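Trainee: Provided below are the primary sequence and the corresponding predicted coordinates.
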Amino acid sequence: MKVLLLSVVLGLLYAGHGEAQLILKPFSGEWKTHYIAASNKDKITEGGPFHAYVRHLEFHANNTVDLDFYVKSDGECVKKQLTGERQQLLVYHVEYAGENEVTILHLSPDAIIGSIHNVDEEGKETDLVGVLSKRDQISDLVYQKFKKETEDKGIPEENIVNFSDNDDCPEE
């Protein structure tokens, strides 16, 4: 009887992991980068690995998220595709330009604010905060939340880059 009860409990716990990821499924779809701030601004200027124009996020029940985006190199848009693995609810591990811990800080039907802690191949650490939206513009409230998160990470205001003003990469 104890074995049967333990099996049921373990089954429910296992099912709960997929259900947590399914909560994010409605947030899959087309997204656009509006602002990114970084403790090392070189990472988000043209040619930097995080000078990224996000196009699509897809949350999967297998605890992964796919990310399609463009980076600019010598004025050209280069398409990239990555997969992140969920570490805990709203936290993902992504291998790109080193190791990254990506955390979703704020989530709404038309805006996502997230942070990235990047440790590059040389061991240099960079904190980033970005805001994505499904719309062409973000609200003042979303922008204020984004700025608060950058301040909380100790990122100076002059290290905020507006991506919506120079986004000429292809739409998906």
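Mentor: Looks like it came in fine. Everything numeric in this text was worked out from a predicted model, so none of it was measured.

Trainee: List the buried residues of stretch 41-55.
Mentor: By neighbour count on 16 or more other CB atoms under 10 Å, the buried set for stretch 41-55 is Lys41, Lys43, Ile44, Gly48, Pro49, Phe50, His51, Ala52, Tyr53, Val54, Arg55. Yep, even glycine has a C-beta here, placed from its N, CA and C like the rest.

Trainee: for the top strand by length along the chain, packing partners?
Mentor: Counting by DSSP state E, the longest strand found in the chain is strand 76-88. Where contact means 3 or more CB pairs under 8 Å, 6 or more residues apart in numbering; DSSP states H and E, strand 76-88 is packed against strand 64-73, strand 91-95.

Trainee: Turn those strands into CSV, including mean neighbour count.
Mentor: CSV is the format used below for the helices and strands packed on strand 76-88 (neighbours: other CB atoms under 10 Å):
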stretch, mean neighbour count
strand 64-73, 18
strand 91-95, 15
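
Trainee: Which two among the buried residues of stretch 41-55 are spaced furthest apart?
Mentor: Using CB to CB, the pair of the buried residues of stretch 41-55 lying farthest apart is Lys41 and Arg55, separated by 23.2 Å.

Trainee: Report pLDDT for Asp165.
Mentor: Reported pLDDT at Asp165 in the predicted model: 89.

Trainee: that's a helix at it, yeah?
Mentor: Yes - per DSSP: H, G, I helix; E, B strand; the rest coil, Asp165 lies within a helix segment.

Trainee: returning to that earlier point: tell me which entries of the buried residues of stretch 41-55 lie within strands.
Mentor: The strands, defined by DSSP E, take in Ala52, Tyr53, Val54, Arg55 from the buried residues of stretch 41-55.

Trainee: Name the nearest of the residues you listed relative to Ile112.
Mentor: Distance to Ile112, by CB to CB, is smallest for Val54 among these, at 9.2 Å.

Trainee: what separates the closest one from Lys43, distance-wise?
Mentor: For Val54, the distance to Lys43 equals 15 Å [CB to CB, to the nearest Å].
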